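# Build me a structure from this.
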Amino acid sequence: SADAPKSSPPVVAPALPAPPSPFVFSFRGTVALTLFAQDTPVITGNGVGALAGPLPALGDSWHSGGDIRQSRFSLNVRGPELLGAIPLASIELEMAGGNQIYTVGAPPAVGTVRDAAGNPIGTAVTPGFTSSAQGDESLLPRLRTAYVEFNWNMGENVLRAGQYHNLMLAMVSASGAHPATLGYGAGQLGWRTPGITYSHKFRLSPDVSLDTAVQVNRNSWNDNAPVCLPSMAPPANNCLPAGVSLGEAGWPQLEARVLFSGPLTESPWPHYAPTVWQLHLVGHWDRKDLSGVNTTAPANLRDGLTTYALQAGGKYKLGPVLAAINGWYGKNTGNLLGNIFQIQLPDKPDVQGFGVWGQVGVSLAQGFSAWGFAGIDRPNRDQAFAANLARVQNVQLAFMLAYVNGPLTAALEWMHIATENAVAST
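Prediction:
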């Protein structure tokens, strides 16, 4: 008999590829290095932190160093459409959180004091350190922003919750040595604060848009003051009842902004928007409770303090030249980094002031550009003296030769700071 036909093996269908994840992850960042030489230490820090107030110095004060604190990194996750919007979660860190020597403290130690001959003559308390002499090169991270965003129709409507830039930061200057900080203490206001932001974009024409935004932020004032002891209370004492900020005991910060933008064009510097022109107007209001939570100020002392600020500015690019200006006028703007970073004590009077900065840049050949900057912050002199502020005027001048090629930026920058103290000029 004939052999029975052999059966073929079953056909196995190839496995289907896994569906792509609806979430998209991205990592972005900037590695920044600043090498500096400085003729005197200043109160705001050295290198990228040099913004105001030379410290008293004797003899040769020149010093040099390197700084990577402006290096920053962001992690972003974009999700699938939700409620008709594209959701985004973002967190950004930088390396400006201090260092292992001064930021991570240790209990003080008692050491032996010796005379010139090495003989013990007593004891003294010395600071405790948690690191070696190289600990100031072991930098600690600092949070910049952390927020969740819902974006409808490619930016037409955006709702953002979390820590983000204040609306007062409508425009920042160009600087390689002080990236995004040049002008603080000399005409720039605003920082990063937990809050809620809503913005809407109007298309006025194919080339002109109007961006409107409102923001509610956590308030702040003298947040680094000590906790009040049982016998202490503000405003007579500079302390915080139960450790709660006098700003948080008051009303939140409220900000609103309108920003007009012109046609798109190539920007000579990453921090300037790629538009031919820009005009912005921003307002800020908040109120602090000077007696803090669960207390009331005595009849002879006021119980509240109001901060307001109105800021306006813009930029225009004509051929290879870009000109920008930004100015503000306000009252009690220390919590916005105005009044030369100064916050008066709770029992002191109001301090009004103004600030303005301007910058001109010229694009040269092959990615090179030259920039000049000038800015001033000037509290009201009489009010500053009455409030016992230490500084009554600060001026910044800077000139920069820069090179930009895609993601690479290099710059040579000269900066001059002139700070007038309340008791003497420097």
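# what number of residues lie near the closest residue to residue 208 other than its chain neighbours?
Take residue 208 and drop its neighbours on the chain: the residue closest to it by C-beta to C-beta, 6 or more residues apart in numbering is residue 262, 6.0 Å away. Glycine gets a C-beta too; all of them are placed from N, C-alpha and C. Other residues near residue 262 come to 19 when the count uses other C-beta atoms under 10 Å.
# isn't residue 262 right up against residue 314?
No - counting by C-beta atoms under 8 Å, residue 262 sits too far from residue 314 to count as a contact (9.9 Å).
# related to what we said a few turns ago, now do the phi/psi pair for the residue nearest to residue 208.
phi -100, psi -160 (degrees, to the nearest 10).
# go on, residue 386?
The phi/psi pair for residue 386 (degrees, to the nearest 10) is phi -60, psi -30.
# circling back to that earlier point, shared neighbours, residue 262 and residue 314?
Shared contacts of residue 262 and residue 314, defined by C-beta atoms under 8 Å, 6 or more residues apart in numbering, comprise 277-278.
# Give me the neighbour count for residue 252.
17.
# Point out the other helices and strands that the host helix or strand of it packs with.
Assessed by DSSP states H and E, residue 252 sits inside strand 251-261. Applying 3 or more C-beta pairs under 8 Å, 6 or more residues apart in numbering; DSSP states H and E, we find strand 251-261 packed against strand 192-203, strand 209-217, strand 277-289.
# Mean pLDDT, distance to residue 20 and mean neighbour count added to those strands, as TSV?
Below are those laid out as TSV (pLDDT from 0 to 100; distance: least, C-beta to C-beta, whole Å; neighbours: other C-beta atoms under 10 Å):
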stretch	mean pLDDT	distance to residue 20	mean neighbour count
strand 192-203	97	30	16
strand 209-217	98	33	18
strand 277-289	97	38	21
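# Now distance to residue 123 too, for those strands, in CSV please.
Formatted as CSV, the helices and strands packed on strand 251-261 follow (distance: least, C-beta to C-beta, whole Å):
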stretch, distance to residue 123
strand 192-203, 45
strand 209-217, 49
strand 277-289, 44
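# Kindly state which of the ones you listed is positioned closest to residue 309.
strand 277-289 (4.4 Å; C-beta to C-beta).
# Mind listing the strands the next helix or strand after the closest one pairs with, and their directions?
Downstream of strand 277-289, the next assigned helix or strand under DSSP H and E is strand 304-318. Strand 304-318 has its sheet partners listed here by DSSP bridges as strand 277-289 (antiparallel), strand 321-331 (antiparallel).
# For strand 304-318, which residues meet the burial criterion?
305, 307-309, 311-315, 317 (16 or more other C-beta atoms under 10 Å).
# So which of the residues you listed is the closest to residue 121?
Closest approach to residue 121 among the buried residues of strand 304-318 (C-beta to C-beta): residue 305, at 49.8 Å.
# what sits against the closest one?
221, 246, 250, 287-288, 290, 332, 346, 350 are the contacts of residue 305 under C-beta under 8 Å, 6+ apart.
# I'd like to know how far it sits from residue 187.
23 Å (C-beta to C-beta, to the nearest Å).
# the helices in the chain, which residues?
Ranges of helices in the chain, per DSSP state H, are 381-386.
# Pull the residues that contact stretch 10-22.
Contacts of stretch 10-22 (C-beta under 8 Å, 6+ apart): 79-80.
# looking at the strands paired with strand 304-318, which is closest to residue 205?
strand 277-289 (13.4 Å).
# Run the chain-centre distance for the closest one.
With C-alpha atoms, centre = their mean, to the nearest Å as the basis, strand 277-289 stands 16 Å off its chain's centre.
# Just the C-alpha atoms of it, please, in PDB.
The C-alpha trace of strand 277-289 is given here as PDB (Å, rounded to 0.1, in the frame of the first residue of the first chain):
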ATOM      1  CA  TRP A 277       9.500  92.900  17.400                       C
ATOM      2  CA  GLN A 278       7.900  92.400  20.800                       C
ATOM      3  CA  LEU A 279       6.000  94.700  23.200                       C
ATOM      4  CA  HIS A 280       4.900  93.600  26.700                       C
ATOM      5  CA  LEU A 281       3.000  95.000  29.700                       C
ATOM      6  CA  VAL A 282       2.900  93.200  33.000                       C
ATOM      7  CA  GLY A 283       1.300  93.900  36.400                       C
ATOM      8  CA  HIS A 284       1.800  92.400  39.800                       C
ATOM      9  CA  TRP A 285       0.000  92.700  43.100                       C
ATOM     10  CA  ASP A 286       0.100  90.900  46.400                       C
ATOM     11  CA  ARG A 287      -0.400  91.600  50.100                       C
ATOM     12  CA  LYS A 288       1.500  90.300  53.200                       C
ATOM     13  CA  ASP A 289       0.200  89.800  56.700                       C
END
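# could you check the angle strand 251-261 makes with that strand?
Orientation check (axes from the mean of the first three to the mean of the last three C-alpha atoms, to 10 degrees): strand 277-289 against strand 251-261 gives 170 degrees.
# Strand 277-289 vs strand 209-217, what angle?
20 degrees.
# for stretch 289-298, which positions count as buried?
In stretch 289-298, counting by 16+ other C-beta under 10 Å, buried: 289-292, 295, 297.
# To residue 44, which of the strands paired with strand 304-318 lies closest?
Checking the strands paired with strand 304-318 against residue 44 by C-beta to C-beta gives strand 321-331 as the closest, at 19.1 Å.
# Which residues outside the closest one are in contact with it?
Strand 321-331 is contacted from outside by 168, 170-171, 173, 183, 187-189, 268-269, 272, 284, 306-317, 336, 338, 350-363, using C-beta under 8 Å, 6+ apart.
# try 6 Å this time
Strand 321-331 is contacted from outside by 171, 189, 268, 308-311, 313, 315-316, 350, 352, 354-362, using C-beta atoms under 6 Å, 6 or more residues apart in numbering.
# So the residue nearest the centre of the chain versus residue 255, what's the distance?
Central residue of the chain (C-alpha atoms, centre = their mean): residue 191, 4.2 Å from the mean position. The spacing between residue 191 and residue 255, counted by C-beta to C-beta, is 12 Å.
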